[in-house]
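Colleague: Please find the sequence and the predicted model below.
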Amino acid sequence: MVCRSGYRSVMAAFSMNLLGYKNVVSLKTGLRGWNDYEQPLVDQSGQQVDIELADDYFTPKLREDQLSPRA
């Protein structure tokens, strides 16, 4: 499991273990920590992934109806 900071992914991995899934792991530092430690980020074919593109992928995208009401 991977998320931006590592907090949601650990909760998701824990939940999946409770549901019976095996060999579930979470990236401890999240995507941001991975970048902070200057680790290479690659896709399944081994090609380097731009951290900004990956970060955008993990950034929540809210619809208009999910935003807080305006005053």
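Modeller: All right, it came through fine.
Colleague: Run a quick neighbour tally on Phe14.
Modeller: Phe14 has 13 neighbouring residues, counting by other Cβ atoms under 10 Å. No exception for glycine: its C-beta is placed from N, CA and C like everyone else's.
Colleague: To clarify, my last question referred to Ser9.
Modeller: Neighbour count of Ser9, defined by other Cβ under 10 Å: 22.
Colleague: ok, residues contacting whatever helix or strand it lives in?
Modeller: Using DSSP states H and E, Ser9 sits within helix 7-18. Counting by Cβ atoms under 8 Å, 6 or more residues apart in numbering, helix 7-18 makes contact with Met1, Val2, Cys3, Val24, Val25, Ser26, Leu27, Lys28, Gly30, all of which sit outside it.
Colleague: wouldn't the third one be in contact with Phe58 here?
Modeller: To tie it back to what came earlier, the one meant is Cys3. Yes. At 6.3 Å, Cys3 counts as touching Phe58 under the criterion of Cβ atoms under 8 Å.
Colleague: anything in contact with each of these two?
Modeller: Counting by Cβ under 8 Å, 6+ apart, the residues touching both Cys3 and Phe58 are Leu31.
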